[in-house]
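Chemist: no sequence for this one, just the structure:
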């Protein structure tokens, strides 16, 4: 059972703006979500249904899991001090 990954417009824009070396660190973590949408270390975001976050160094990936459709939608990607604003 493999999930597909989609990006919101804001998440795609945020990802493109990151430095290239950070993108190469974050991309494998996003790809790994296809096999395991709730990996060790992920945390559910309180107050928002089906939204989780994973950490990659000082960067965070916020994503929604839609189990019925087998889709993971990346909502936002960014530095930890800016991501929750």
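Modeler: Now that the structure is in, tell me what you want to look at. Bear in mind the structure is a predicted one, so any value in this text is a computation, not a measurement. Residues are numbered from 1 along each chain as shown.

Chemist: Now do the strands in this protein.
Modeler: Secondary structure of the chain (DSSP state E): strands at 4-7, 43-44, 51-56, 59-66, 71-79.

Chemist: In the third one, which of the residues would be classed as buried?
Modeler: Read that as strand 51-56. Buried residues in strand 51-56, defined by neighbour count with 16 or more other C-beta atoms under 10 Å: 51-54. Just so you know, the C-beta spots here come from the backbone N, C-alpha and C atoms, and that holds for glycine as well.

Chemist: Also the first one?
Modeler: Along strand 4-7, the positions that meet the burial threshold by neighbour count (16+ other C-beta under 10 Å) are residue 7.

Chemist: Make TSV out of the strands of the chain and add distance to residue 28 and mean pLDDT.
Modeler: TSV is the format used below for the strands of the chain (distance: least, C-beta to C-beta, whole Å; pLDDT from 0 to 100):
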stretch	distance to residue 28	mean pLDDT
strand 4-7	12	97
strand 43-44	19	95
strand 51-56	9	96
strand 59-66	11	96
strand 71-79	13	96
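
Chemist: and of the ones you listed, who's closest to residue 29?
Modeler: When these are compared by C-beta to C-beta, strand 51-56 sits nearest residue 29, at 4.9 Å.

Chemist: Thanks a lot, see you next time.
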